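no letters, just coordinates:
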């Protein structure tokens, strides 16, 4: 797990990491063009992408998962408002954020179900989650020199299932990062051309899956008293 954070830090400090942010940035801002007056949390290793909304969001916080960070790295800050958190219990009040961006988080966290449920609690009821994860059918999942090659990749079907179990409803799903993880393909106009064409030509083989989801606050199951002649109020318990 420690290697995953070191890989991400080194990658985004390199020209290859900067090109990746430029290629993925348009996918993210198409979903969230601007976040005027909204509170944004970046969870995982999201700091390189948060400046996309710095000019509009009311508050932006970056949080790295403690399980993936060694003690020697815990004091290294990559963003002005960054903290280190535990995936099982995020140190934020319930309903704290309007938007949560998760990248390099779910695939590297062993307690993924607990992490998603913790995210569900701190996201406002009308909030939105944007999740970026390695696509198991894409080349980037096999590249050990990038953070997208660390942890466990997902298919679109698998991530929909995980989100459903955590009481999220997927509203949009797409792939991105069609440029192969090789230096000569990712630079300049070549990379931009491949990225624009990839969604039409080879959508299933993008390097990442990008999913936007909302809270499913109606996913409780009713328990009714059997053989009762008197109408009783439904009891609701949380599923998942």
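The structure has been received and is ready for your questions. All of these numbers come straight from a predicted model, not from anything done at the bench.

sheet-wise, list the partners of the helix or strand where residue 211 lies with their directions.
Element membership of residue 211 [criterion: DSSP states H and E] is strand 208-215. Strands adjacent to strand 208-215 in the sheet, as given by DSSP bridges, are strand 123-134 (antiparallel), strand 168-176 (antiparallel).

in the longest one, which residues are buried?
So that's strand 123-134. Neighbour counts using 16 or more other Cβ atoms under 10 Å place 123-124, 127-134 of strand 123-134 among the buried residues. Any C-beta I mention is one placed from the backbone N, CA and C, and that applies to glycine too.

biggest separation within those residues, which pair?
Spanning the widest gap among the buried residues of strand 123-134 are 124 and 134, at 27.7 Å by Cβ to Cβ.

list the contacts for the closest residue to residue 177 other than its chain neighbours?
Leaving out its chain neighbours, the residue that sits closest to residue 177 by Cβ to Cβ, 6 or more residues apart in numbering is residue 207, at 3.4 Å. Contact analysis of residue 207 by Cβ atoms under 8 Å, 6 or more residues apart in numbering lists 134-135, 138-141, 148, 175-179, 181.

what does residue 57 give?
With contacts defined as Cβ under 8 Å, 6+ apart, residue 57 is in contact with 35-40, 99.

buried subset of the residues you listed?
Among the contacts of residue 57, those classed as buried by 16+ other Cβ under 10 Å are 35, 38-40, 99.

dump these to TSV, plus distance to residue 214 and secondary structure.
Below are the buried ones among the contacts of residue 57 laid out as TSV (distance: Cβ to Cβ, whole Å; DSSP: H, G, I helix; E, B strand; the rest coil):
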residue	distance to residue 214	secondary structure
35	15	coil
38	14	coil
39	16	strand
40	16	strand
99	11	strand
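
quick check, nearest of these to residue 7?
If you rank the buried ones among the contacts of residue 57 by distance to residue 7 using Cβ to Cβ, residue 40 comes first, at 24.5 Å.

what's the pLDDT at the closest one?
With respect to pLDDT, residue 40 scores 97.

how near is it to residue 113?
Distance from residue 40 to residue 113, counting by Cβ to Cβ, to the nearest Å: 24 Å.

now swap in residue 151 and tell me
Distance from residue 151 to residue 113, counting by Cβ to Cβ: 15 Å.

do the same with residue 95
Counting by Cβ to Cβ, the gap from residue 95 to residue 113 is 20 Å.

try residue 55
The spacing between residue 55 and residue 113, counted by Cβ to Cβ, is 35 Å.

what of residue 176?
25 Å.

a helix runs through residue 193, doesn't it?
Yes. Residue state for residue 193 (DSSP: H, G, I helix; E, B strand; the rest coil) corresponds to a helix.

what segments of the chain are strands?
Along the chain, the stretches classed as strands by DSSP state E are 39-44, 59-65, 82-85, 97-103, 123-134, 168-176, 208-215, 221-223, 235-237.

circling back to that earlier point, okay, the contacts of residue 207 in TSV with pLDDT and distance to residue 105 next?
What follows is those, written out as TSV (pLDDT from 0 to 100; distance: Cβ to Cβ, whole Å):
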residue	pLDDT	distance to residue 105
134	96	11
135	96	15
138	92	18
139	91	21
140	94	16
141	93	16
148	94	12
175	95	18
176	94	17
177	94	16
178	91	22
179	89	22
181	84	20
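
the residues you listed, buried ones only, as a ChimeraX selection?
Those of the contacts of residue 207 that count as buried under 16+ other Cβ under 10 Å are selected in ChimeraX with:
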select :134,135,138,139,140,141,148,175,176,177,178,179,181
